[in-house]
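Participant: Kindly generate the corresponding structure for this input.
(one chain, ligands or ions: 1)
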Amino acid sequence: MKKISTNALRKKRQELINELGAFDGKILRGSIIETYKKCGKPGCKCETGIGHGPKHSMTINFPKRKPEHDYIPLEYVTQVTEYVSNYHQFKEVIEQICAINREILKRREEL
Ligand SMILES: [Zn+2]
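Facilitator: Next up, the predicted model:
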């Protein structure tokens with residue numbers, strides 16, 4: 001980052017801030033799990049296969065309390081998957097903004 005002018009860094013930071021806005025709040029933190037269940041009915045094809053599904057659910061971990069777990073209705077799976085992916089990108093953009101701010105601070109210039 002050394003060769004970039006501080007003003008260029010501030011400009012880049014503004015672009016990143018705009019990127020954050022573009023997510024429009026469409027973020028979700030957590031991990032999505034797909035499960036297949038055996039129904040237990042004698043003669044059902046799931047007896048020998050992987051089971052019925054997939055059913056989707058989401059687990060969200062928290063620092064000092066137990067994780068939240070919820071089933072995701074099928075009609076929301078695509079959206080939720082997108083939101084979770086957005087969350088990772090969102091975090092990455094925040095990290096880039098922090099890196100720019102660290103660099104400007106190192107230069108002892110106005111943040
Ligand atoms: Zn079955």
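Participant: I'd like to know how many residues surround residue 63.
Facilitator: Residue 63 sits with 4 neighbouring residues when counted by other CB atoms under 10 Å. All C-beta atoms are positioned from the backbone trio N, CA, C, and that covers glycine.
Participant: Same check on residue 111?
Facilitator: Neighbours of residue 111 (other CB under 10 Å): 11.
Participant: Can you give me every residue that contacts it?
Facilitator: Contacts of residue 111 were listed using CB atoms under 8 Å, 6 or more residues apart in numbering, and they are 101, 104-105.
Participant: Try it again at 6 Å.
Facilitator: The neighbours of residue 111, taking CB atoms under 6 Å, 6 or more residues apart in numbering as the test, are residue 104.
Participant: Look up how far the ion lies from it.
Facilitator: As for residue 111, its distance to the ion is 60 Å (criterion: CB to the ion, to the nearest Å).
Participant: how much space between the residue sitting nearest the centre point of the chain and residue 46?
Facilitator: Among the residues of the chain, the smallest C-alpha distance to the mean C-alpha position (CA atoms, centre = their mean) belongs to residue 87, namely 2.8 Å. The gap separating residue 87 from residue 46 is 33 Å, by CB to CB, to the nearest Å.
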